[in-house]
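my questions concern the predicted model and sequence given below.
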Amino acid sequence: MAPIRLAIVGLGKIARDQHLGAIEATNGIELVAVASRHAKLDGVACFHEIGDLLDSDMEIDAVSLCTPPQGRFSQAKAALDAGKHVMLEKPPGATLSEVYALDALARRKGLTLFSTWHSRAAAAVEPARALLAKRKIRSVAVEWKEDVRHWHPGQAWIWEPGGLGVFDPGINALSIVTRIMPEEFHLTRSELTFPVNRAAPIAASLVFETDSGVPVSAEFDWRQTGPQTWDIRVETDEGSVVLTHGGSRLFVNGESVIVEEDKEYRNLYRDFVALVMKGASDTDFSPLVHVADAFMLGRRIQTAAFED
Ligand code: NAP
């Protein structure tokens, strides 16, 4: 089969940091075009925005949307309407209704829609899921604390409605927990801390409960300087199962069992090629459902103004 001819839409931080290298390293897919209002890339056709690309005679099979979540719906819809497979960065959209609408459209058109969760593709996630399926879980505690100034410099969209604030990284933790837990869980308490000058939270404190009553807690905070924390600690009847470094390391009963270099995006593009070849989609929106619940149930607390 000829390689999938792919266009990237939104050539920003994540496209440059991860997507370009991962596409290069993946068999069965090649980057042939970019659509970005301000950025260009040597060696491929460059367009101002997705509409110009889709209206052109450029032959592509798929698009990978690396734009902010606000506005992603109309880009994805335009691509699907034009008969292209679509890969969505996380979060898959700005609202639940729009992502479910995209899922339905892709199915009607017989096209692949891949709602990616890069943290789920980290090395420790599937082994943790397999381990936890055999143990009785007593509690889960997530700590996802990072420095927004370091990771999101000058990204105005992330503080706007639909940008999710601290849930932009926090949803990565939720994408792992929804994958490794053997049962469903639902939110029971949410506390969101908003800087007085921002429309999105800088911190969140969440409490969930599984169907059988196991407590799950999550602390997200964007004010952490120094060492960064992306940890998930699961206590079980046979000891602890701990994922650190965003899911790339696994400790079982205190012993290190997995330490792997970051291959998340290479895994995502490998999976996208396989989905297109099978004619299938992968659209699990459950992490976004939990984020929506956190906003719906959230008690709001104001804190000092945040300046970049
Ligand atoms: P970014 O650096 O702001 O890049 C997004 C690009 O999209 C911009 O450079 C911009 O390029 C284009 N764009 C189109 N419409 C835009 C708008 N209304 N406002 C701002 N930019 C717009 O953001 P990013 O960090 O790459 O994040 C993009 C997506 O990837 C987000 O959903 C994020 O959650 C996800 N992600 C980010 C990271 C990370 O570490 N940064 C990690 C994993 C996933 P033009 O101006 O040239 O059009």
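Structure received. Numbering: from 1, shown residues only.

now the helices for the stretch 101-250 of the chain?
With DSSP state H, counting those that start in this stretch as the criterion, the stretch 101-250 of the chain has helices at 125-132, 148-151, 167-180.

most tightly packed of the ones you listed?
Each of the helices of the stretch 101-250 of the chain was scored by mean neighbour count; the highest is helix 167-180, a mean of 24, by mean count of other C-beta atoms under 10 Å. In this view, the C-beta of every residue, glycine as well, is placed from N, C-alpha and C.

quick one: list the elements packing against it.
Packing partners of helix 167-180 (3 or more C-beta pairs under 8 Å, 6 or more residues apart in numbering; DSSP states H and E): helix 125-132, strand 137-145, strand 215-221, strand 229-236, helix 286-297.

please tabulate those in CSV, including the columns distance to the ligand and mean pLDDT.
Converted to CSV, those look like this (distance: least, C-beta to the nearest ligand atom, whole Å; pLDDT from 0 to 100):
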stretch, distance to the ligand, mean pLDDT
helix 125-132, 15, 97
strand 137-145, 13, 98
strand 215-221, 14, 98
strand 229-236, 12, 98
helix 286-297, 12, 98
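
which residues of the protein lie near the ligand?
For the chain, the residues in contact with the ligand (C-beta under 6 Å from any ligand atom) are 10-15, 36-39, 66-69, 71, 89-90, 118, 151, 155, 157, 168.

in strands only, show me the residues you listed.
Among the residues of the chain next to the ligand, no residue falls in strands (DSSP state E).

make a ChimeraX selection of the buried ones in the residues you listed.
The ChimeraX selection below is limited to those of the residues of the chain next to the ligand classed as buried (16 or more other C-beta atoms under 10 Å):
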select :10,11,12,15,36,66,67,68,69,71,89,90,118,155,157,168
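
out of the helices and strands packed on helix 167-180, the one nearest S56 is which?
Judged by C-beta to C-beta, the one of the helices and strands packed on helix 167-180 that comes nearest to S56 is helix 286-297, at 32.0 Å.

residue in the stretch 151-300 of the chain with the shortest distance to the ligand?
W157 (4.4 Å; C-beta to the nearest ligand atom).

ok, and the closest non-adjacent residue to that residue?
Among residues not flanking W157 along the chain, P68 sits closest, at 4.0 Å (C-beta to C-beta, 6 or more residues apart in numbering).

for the one you found, which residues are in contact?
Listed by C-beta atoms under 8 Å, 6 or more residues apart in numbering, the contact partners of P68 are 10, 155, 157-158, 162-163.

report how many residues lie close to the closest residue to T116 other than its chain neighbours.
Distance criterion C-beta to C-beta, 6+ apart; nearest residue to T116, sequence neighbours excluded, is L268 at 5.0 Å. Residues contacting L268 under the criterion other C-beta atoms under 10 Å number 25.

which strand or helix spans L268?
Using DSSP states H and E, the element containing L268 is helix 264-278.

torsion angles phi and psi at S64?
Main-chain dihedrals, S64, degrees, to the nearest 10: phi -120, psi 120.

hang on, it packs against A22?
No: S64 lies out of contact with A22 (C-beta atoms under 8 Å); the separation is 9.8 Å.

more neighbours, the two?
Using other C-beta under 10 Å, the more surrounded residue of S64 and A22 is S64, with 26 against 21.
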